[in-house]
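using only what follows, build the 3D model:
(chains A and B)
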Amino acid sequence: ETGVTQTPRHLVMGMTNKKSLKCEQHLGHNAMYWYKQSAKKPLELMFVYSLEERVENNSVPSRFSPECPNSSHLFLHLHTLQPEDSALYLCASSPYIGSEGKGNEQFFGPGTRLTVL
Amino acid sequence: GQNIDQPTEMTATEGAIVQINCTYQTSGFNGLFWYQQHAGEAPTFLSYNVLDGLEEKGRFSSFLSRSKGYSYLLLKELQMKDSASYLCAVREGKLSFGAGTTVTVRA
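Predicted coordinates:
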C-alpha cells in the first residue's frame, strides 16, 4: 500500500460532463505531479506542483485544470473532455523538486482509469 | 526533449535471468530511474543510478553508462510475480519516461 491515494479509481464521463480527480499523499512530501498514461505510450508529465505552487505545465489543454490547495492534496478538474483523453491518470509525490537523486524518487498513486464517451 | 528507448516486450522462464536495456538521448542528465508497474497498479520505484556502474539490490541490478546513454535492468532468479511492465525514466530537470517493457515470466 503506497502513501499516495487517488479517487475515484474508475470514472466514465460524457464529453459535456465536469468531474474532478483527487489525489492525497500522506508522506509529508512537498512536490506533487499529475501524469497521463495511455496504452503503449510513455508516461506523460502534465503538471508539477511544489509547495502548492505550479512549477510546470507541459502544454496541457485547458480542459484539464489542476488545483493544489495544500501540499497534501492535488486535484485535476476535467471539463469538455474528448474521447482521446481516455487514459490512466496517475498522481505522484516526491520529497522535493530538484535533481538531488537518491531519496527523491517519486511515489505513485494507483491511478484513475478515465473513459470519455 | 528526450528520446528514451526500451524494448516493448520480453519473455523469460521462471528462474532465469532477463536484461532490459534502455537508451536515452538528452542534453542534460541528473539520474536514471527504473520503476516496476504491475497491470492495473501504480509504478513502484526499483532503482536509481546517477554515476556509472552497477547498483545491486537483491535479485535486481541496474547499470548505467553515461557516456553511452545506456542503462540496463537485470532481473535474476525470475519469479512469476516479476511479470510486469518495467519503466526507464531519465531526469533532466523533470522526469521523462520510456514507454515501458512488458516482461512475461513463464513456468
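
who does the closest residue to residue A:81 other than its chain neighbours form a beta bridge with?
Sequence neighbours aside, residue A:116 is the residue nearest to residue A:81 in space, at 4.6 Å (criterion: Cβ to Cβ, 6 or more residues apart in numbering or on different chains). Heads up, the C-betas are built off the backbone N, CA and C, glycines and all. Per DSSP bridges, the residues bridged to residue A:116 are residue A:13.

residue A:116: what's it in contact with?
Contacts for residue A:116 (Cβ atoms under 8 Å, 6 or more residues apart in numbering or on different chains) come out as A:13, A:14, A:15, A:81, A:82, A:83, A:84, A:85, A:86.

and residue A:4, bridged to which residues?
Beta-bridge pairing for residue A:4 (DSSP bridges): residue A:25.

thought residue A:93 was touching it, still the case?
Yes - under the criterion of Cβ atoms under 8 Å, residue A:4 makes contact with residue A:93 at 5.7 Å.

intersection of neighbour lists for the two?
A:25, A:27, A:107.

burial count for residue 62?
You didn't pick a chain, so chain A it is. Counted with other Cβ atoms under 10 Å in any protein chain shown, residues neighbouring residue A:62 total 7.

not quite, I wanted chain B
By other Cβ under 10 Å, neighbour count at residue B:62 equals 23.

where are the low-confidence patches of chain A?
A:1-2, A:98-103 (pLDDT under 70).

can you tell me which residues in it are near chain B?
A:2, A:4, A:40-43, A:45, A:48, A:56, A:90, A:99, A:101-102, A:105-111 (Cβ under 8 Å from any Cβ of the partner chain).

whichever of those end up buried, select them in PyMOL.
Burial among these is assessed by 16 or more other Cβ atoms under 10 Å in any protein chain shown; the matching PyMOL selection reads:
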select buried, chain A and resi 2+4+42+43+45+48+90+101+105+106+107+108+109+110+111
